[in-house]
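Undergrad: Have a look at this prediction, sequence included:
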Amino acid sequence: MNHSLTLLINIIAMLGLVYILYYMQRKHVTFGTRVMVGLVLGIFFGAALQSIFGGSSPIIKQSNSWFDVIGTGYVRLLKMIVMPLIIVSITAAITNLKDGKILGRVGGLIIGILLFTTAIAAVVGVGSSLAFHLTADTLQVGEAELGATKKVEGKLTDFQAKPVQQQLIEIIPTNPFYAFTGQGSADTLSVVFFSTLVGLAVLGIKKAKPESAEFFVKAVNTANDIVMKLVDFVLLLTPYGVLALMTKFISTSNYAEIYKLIQFVIASYVALIIMFIVHLFILFVMGFNPLTYVKKVIPALLFAFTSRTSAGTMPLTIDTMINKLGVPSGYANLSASFGVSIGQNGCAGIYPAMLAIMVAPTVGINPLELGFLIKLVIVVAIGSFGIAGVGGGATFAALIVLSTMGLPVGIVGLLIAIEPLIDMGRTALNVSGAMIAGVATSRLMNEIDRNIYIQDSNKEI
């Protein structure tokens, strides 16, 4: 068949699937159902393309370049609204506080819960590696893996050139307007820092200059309303984005490489599932129905799964916490913002711990030694600060842990073939961890709206 005609047929097929989702939207099918259908359609369509043309076929690449208009375009729209969302939401939340002192307790609780769950995730990762008897000795090395290993070692050199204290300093922006562009790995925290200072400044002038404070608060609240409406507009496209992203992933996956490392894939997902169950147990202990949580967060987790970006999922994460879980706006924004850079349960918890256990025997270290295990869990938790919430964050988390533990980092490159597959599950767990931190903090501060949490909410977006 003519190459151009084949490409046109693929594009028309994708548009047909898009129309199915649009028809469901017009018939008021629930948002979560539409997202799930988009995921399933993407899996089947991607599998069909791969079986017909092959994952490395030029027609697949060209087709996906057109599908990217929907998939990558949607991710870019989400990233576009992340910074405005953080700025106005956090500023509005702080300026509406009656007592500014509560902010420190809220922030401290959120960070504490994120680090606590990351430490648990490290223990789960250790247990999974030991249960599956994973070892770096069994990994097969090819040209791609060797090339990836060299790149990883180069990243380690770059990372070691910037010590932890320097990374902490860089959270303070010298130019907040540059931080708003989101070009640096610490920019999310920088914007949170700046927005917090602005909010505190407004609280500081409420008595001395009430008119100025009132004017600013009204302006920020208005901006917050507008940005949240913009978020609703963008989230409307979630099922279509999931469809295109999943189609691309499935159609280009190298199943032979995945099969070669299938034991590590299975061990990783067992650990991820166990940690998600831990999240549900935390909710149960705090008096919330875990099944209600699962039902309400599925759309956000599915998008995180397909997009592999915690930062890009932030608008959906925040919207879910506020409108489906009853978390106050300020708490939701802080936990989502911190969650993309601190205490990522999947990328910065489970993954580095698993790799450390696998590589330890190659340098004569007994991975079952209690001292080694305690040190590993502590290093994983502390090292989870500052991991960028985008694709590749797990690589840096692994570099931090392995280099701090005195272990070789080459194993990170050896797993390059299956990195996208396991990164999908890790990102979904990261987002769940951020939402758990928001819900738990709201519960401890007695600020959560239980009526929103328990109601059968199927907000039409």
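TA: That came through fine. Computed from a predicted model, the values in this text were never measured in an experiment.

Undergrad: And for stretch 44-63, what's in contact with it?
TA: 3, 6-7, 10-11, 13-14, 17, 243, 246-255 (C-beta atoms under 8 Å, 6 or more residues apart in numbering). C-beta: built from backbone N, CA, C; applies to glycine.

Undergrad: And that stretch, what's buried?
TA: In terms of neighbour count (16 or more other C-beta atoms under 10 Å), stretch 44-63 has its buried residues at 45-46, 49-50, 53, 55, 57, 59-60, 62-63.

Undergrad: again, but for stretch 362-369
TA: Of the residues in stretch 362-369, those buried by neighbour count under the rule 16+ other C-beta under 10 Å are 365, 367.

Undergrad: please renumber so the chain begins at 489
TA: Sounds good: first residue 489 from here, last item stretch 850-857.

Undergrad: how long is it end to end?
TA: Length of stretch 850-857, first residue to last, C-alpha to C-alpha, to the nearest Å: 15 Å.

Undergrad: And that stretch, how far out from the chain middle?
TA: 31 Å (C-alpha atoms, centre = their mean, to the nearest Å).

Undergrad: quick one: average confidence on that stretch?
TA: Stretch 850-857 carries an average pLDDT of 88.

Undergrad: again, but for stretch 716-723
TA: Rounded mean pLDDT across stretch 716-723 is 87.

Undergrad: Just the CA trace of that stretch, in PDB.
TA: The C-alpha trace of stretch 716-723 is given here as PDB (Å, rounded to 0.1, in the frame of the first residue of the first chain):
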ATOM      1  CA  MET A 716      -8.800  27.300  38.100                       C
ATOM      2  CA  LYS A 717     -11.300  27.700  35.200                       C
ATOM      3  CA  LEU A 718      -8.400  27.400  32.800                       C
ATOM      4  CA  VAL A 719      -7.400  24.200  34.500                       C
ATOM      5  CA  ASP A 720     -10.900  22.900  33.900                       C
ATOM      6  CA  PHE A 721     -10.700  23.700  30.200                       C
ATOM      7  CA  VAL A 722      -7.400  21.900  29.900                       C
ATOM      8  CA  LEU A 723      -8.500  18.900  31.900                       C
END
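
Undergrad: that older thread, the contacts of stretch 532-551, buried ones only, as a PyMOL selection?
TA: The PyMOL selection below is limited to those of those classed as buried (16+ other C-beta under 10 Å):
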select buried, resi 494+495+498+502+505+731+734+735+736+737+738+739+740+741+742
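
Undergrad: buried sites along stretch 896-908?
TA: Judged by neighbour count using 16+ other C-beta under 10 Å, the buried positions of stretch 896-908 are 897-907.

Undergrad: what does stretch 721-731 give?
TA: Under 16+ other C-beta under 10 Å, the buried positions of stretch 721-731 are 722-723, 725-731.

Undergrad: In CSV, list the residues you listed along with distance to F703 and secondary structure.
TA: Formatted as CSV, those follow (distance: C-beta to C-beta, whole Å; DSSP: H, G, I helix; E, B strand; the rest coil):
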residue, distance to F703, secondary structure
V722, 29, helix
L723, 31, helix
L725, 35, coil
T726, 36, helix
P727, 40, helix
Y728, 40, helix
G729, 38, helix
V730, 42, helix
L731, 45, helix
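
Undergrad: Of those residues, just say which sits nearest to A619.
TA: Taking C-beta to C-beta as the measure, A619 sits nearest to V730 out of the buried residues of stretch 721-731, at 32.1 Å.

Undergrad: Contact partners for the closest one?
TA: When contacts are counted by C-beta under 8 Å, 6+ apart, V730 touches 523, 526-527, 530, 790-791, 794.

Undergrad: now M933: how far from I601?
TA: Counting by C-beta to C-beta, to the nearest Å, the gap from M933 to I601 is 12 Å.

Undergrad: Looking at these two, which is more packed in?
TA: The neighbour comparison of M933 against I601 (other C-beta atoms under 10 Å) goes to I601, with 23 against 14.

Undergrad: Could you check which helix or strand contains the more buried one?
TA: helix 590-619 (DSSP states H and E).

Undergrad: That helix: how far from the chain's middle?
TA: For helix 590-619, the distance to the chain centre is 15 Å (C-alpha atoms, centre = their mean).

Undergrad: what about the stretch 789-938 of the chain, any weak spots by pLDDT?
TA: 874-881, 901 (pLDDT under 70).
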